[in-house]
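Below is the structure, and that's it, no one-letter string:
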């Protein structure tokens, strides 16, 4: 999984126990909240995920399409 915001990209590291506990949010959210610990090595950033939250309700009726990189 790779997340992007206005500052760039970050790679969330989601261990299997977190994925199992938050599977619905991880697979179904249009807007995903991630909490965890930030790790940096050079220009590479990772977040070791503690929890995932489905924040899709904050989008209201906004119809946003995913960006296609193909």
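Thanks, I have it. If you're wondering where the values come from, they're calculated on a predicted model, not measured in any experiment.

what's the helix or strand bottoming out on mean pLDDT in the chain packed up against?
Lowest on mean pLDDT, DSSP states H and E among the helices and strands of the chain sits strand 3-5, with a mean of 78. On a contact count with 3 or more CB pairs under 8 Å, 6 or more residues apart in numbering; DSSP states H and E, strand 3-5 meets strand 8-13. The way it works is simple: take the backbone N, C-alpha and C, and place the C-beta from them, glycine included.

Output the contacting helices and strands for the strand it packs on.
Using 3+ CB pairs under 8 Å, 6+ apart: strand 8-13 touches strand 3-5, strand 32-41, strand 44-54.

coming back round to it: who does the least confident helix or strand of the chain pair up with?
strand 8-13 (antiparallel) (DSSP bridges).

And the pLDDT at the residue nearest to residue 13 when sequence neighbours are not counted?
Once flanking residues are discounted, residue 13 sits nearest to residue 48: 4.9 Å by CB to CB, 6 or more residues apart in numbering. We have a pLDDT of 95 for residue 48.

and if you look at residue 8?
80.

what about it, distance to residue 16?
27 Å (CB to CB, to the nearest Å).

got it, and residue 28?
In terms of CB to CB, residue 28 sits 18 Å off from residue 16.

Among the two, which residue is more densely surrounded?
residue 28 (10 against 7; other CB atoms under 10 Å).

Skipping adjacent residues, who's closest to that one in space?
residue 54 (6.8 Å).

how about that neighbour, what does it touch?
24-25, 28-29, 31-33 (CB atoms under 8 Å, 6 or more residues apart in numbering).

Nearest to residue 61 among the residues you listed?
The closest of the contacts of residue 54 to residue 61 turns out to be residue 31 (CB to CB; 13.1 Å).

okay, the residue nearest to that closest one when sequence neighbours are not counted: pLDDT?
Spatial nearest neighbour of residue 31, excluding adjacent residues (CB to CB, 6+ apart): residue 55 at 4.3 Å. Reported pLDDT at residue 55 in the predicted model: 93.
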